[in-house]
Structures are given as C-alpha cells and as structure tokens.
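# Show me how the following folds:
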Amino acid sequence: MFRTSCRKTGGFFVSSPFKNLILLEKSAIILGATGLTGSLLLDLLLEDARYKTIKVFTRTPLAFKHSKIVNFTGDL
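I've put the predicted structure just below:
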C-alpha cells in the first residue's frame, strides 16, 4: 500500500497496486441449502449474476438442477 497526499482535500488516500483488479465472478458456499434460510439464500444467489458457482452441502439432494450449483450430499 502506498500513502500519497491529495491536493484537493488536503488529506491522504491509500492507493494499492490492486486498485484496478475487479472481481467479476463470485462463488458462495451454503450449508443446509434445503432448509428455510438456506433455500431462500439459494434463490437469491441463483438470481444474482455476480455469482458463477454456488456450492451447497445438503443431507438430501436438491430437487432441481442448475448450472451454477455444485451439490455435495452427506450428513455433516
């Protein structure tokens, strides 16, 4: 990180060599995606274009398939 002065505000701002790095694709992990909260979260993530992969861990397989979902079935 680099600390440089800002003439307009008289303050300082921090610049980073990674400031132009934009993360376009996100991934998410849901434990218990067949429950009430997990299923609602899964619906929101499926509609969100920023998320490319959603890894779900469930006791029973999901009732549907989707290209974003990677389903891991087992008893935690």
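# Can you list the low-confidence ranges for this structure?
Within the chain, the ranges that satisfy pLDDT under 70 run 1-23, 76.
# Identify, by residue count, the longest strand of it.
If each strand of the chain is counted by residues according to DSSP state E, the longest one is strand 51-58.
# Quick one: the strands in the chain, in order.
Assigned strands in the chain, in chain order: 2-5, 12-15, 26-31, 51-58, 69-73 (criterion: DSSP E).
# So what's the residue count around Gly35?
Here the count is done by other C-beta atoms under 10 Å, and Gly35 has 14 residues near it. Every residue, glycine included, has its C-beta placed from N, CA and C.
# Arg50 versus that one, what's the distance?
23 Å (C-beta to C-beta, to the nearest Å).
# before we move on, what about Lys26?
5 Å.
# shared neighbours of the two, which are they?
Residues within reach of Lys26 and of Arg50 at once, by C-beta atoms under 8 Å, 6 or more residues apart in numbering: there are none.
# Pull out the buried residues from stretch 42-50.
Residues of stretch 42-50 classed as buried: Leu42, Leu45 (neighbour count, 16 or more other C-beta atoms under 10 Å).
# gap between Leu36 and Lys26?
In this view, Leu36 and Lys26 are 23 Å apart by C-beta to C-beta.
# Likewise for Phe72?
With distances defined as C-beta to C-beta, the gap from Phe72 to Lys26 amounts to 19 Å.
# what's around the nearest residue to Val56 once chain neighbours are set aside, how many residues?
Counting by C-beta to C-beta, 6 or more residues apart in numbering, Val56 lies nearest to Ala33, which is 3.8 Å off, once chain neighbours are set aside. Each residue near Ala33 was counted by other C-beta under 10 Å, and the total is 23.
# Report the contact partners of Ala33.
With contact set as C-beta under 8 Å, 6+ apart, Ala33 has these partners: Ser39, Leu41, Leu42, Val56, Phe57, Thr58, Leu62.
# Let's have the residues you listed in JSON lines, adding distance to Lys68.
Shown next, in JSON lines, are the contacts of Ala33 (distance: C-beta to C-beta, whole Å):
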{"residue": "Ser39", "distance to Lys68": "15"}
{"residue": "Leu41", "distance to Lys68": "13"}
{"residue": "Leu42", "distance to Lys68": "10"}
{"residue": "Val56", "distance to Lys68": "10"}
{"residue": "Phe57", "distance to Lys68": "15"}
{"residue": "Thr58", "distance to Lys68": "15"}
{"residue": "Leu62", "distance to Lys68": "12"}
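# Nice, that's everything, thank you.
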